[in-house]
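Participant: Sharing a model that was predicted from the sequence below.
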Amino acid sequence: QVQLVESGGGLVQAGESLRLSCVASGNIRSINAMGWYRQAPGKQRELVAAFTTGSMTNYADSVKGRFTISGDNAKNTWYLQMNSLKPEDTAVYYCHADRIQTIFRTIYEPWGQGTQVTVSS
């Protein structure tokens with residue numbers, strides 16, 4: 001069974017940084033389009049950053065220049081480095097992948113359980 005586990009969330013002050021990690025486990029052969037989403041209270045879940053075809057990256061306009069997505073395929077892990085955090089970045093952050101190929105089957109659109117990021121002003 002594939003599991004995505006996030007870590008690294010917490011409470012910080014505006015202007016500070018956090019790095020989120022997502023580790024995928026479960027007899028994994030490959031992961032396609034790793035990404036990060038977030039959901040603030042009362043709002044819809046939104047894309048924060050993701051790898052797209054050919055290892056290009058896509059960022060929400062609100063985080064461009066402040067957040068960076070990276071990945072380590074050998075460790076089945078991807079990261080979200082968040083700098084210059086703002087109170088409006090407060091949300092639950094979820095890791096996601098378009099597709100994970102295991103030795104047994106293909107898993108489509110798996111999600112992590114989420115990690116809370118709170119930015120105080």
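Facilitator: That came in fine, so what should we check first? Residues are numbered from 1 along each chain as shown.
Participant: does Glu88 count as helix, strand or coil?
Facilitator: helix (DSSP: H, G, I helix; E, B strand; the rest coil).
Participant: and the residue most central in space within the chain, what is it in contact with?
Facilitator: Central residue of the chain (Cα atoms, centre = their mean): Trp36, 2.7 Å from the mean position. Taking Cβ atoms under 8 Å, 6 or more residues apart in numbering, we find Trp36 in contact with 20, 22, 47-50, 69, 78, 80, 93-96. Using the backbone N, CA and C atoms, a C-beta is placed for each residue, glycine as well.
Participant: Which of those has the largest number of neighbours?
Facilitator: Among the contacts of Trp36, Cys95 has the most neighbours (other Cβ atoms under 10 Å), with 29 neighbours.
Participant: how near is that residue to Gln13?
Facilitator: 24 Å (Cβ to Cβ, to the nearest Å).
Participant: what about the residue nearest to the centre of the chain, which SS state?
Facilitator: From three-state DSSP, the assignment for Trp36 is strand.
Participant: beta partners for it?
Facilitator: Ala49, Cys95 (DSSP bridges).
Participant: Could you count how many residues lie near the nearest residue to Asn76 once chain neighbours are set aside?
Facilitator: Closest residue in space to Asn76, ignoring its immediate chain neighbours: Ala24 at 4.4 Å, by Cβ to Cβ, 6 or more residues apart in numbering. Residues lying near Ala24 (other Cβ under 10 Å) number 22.
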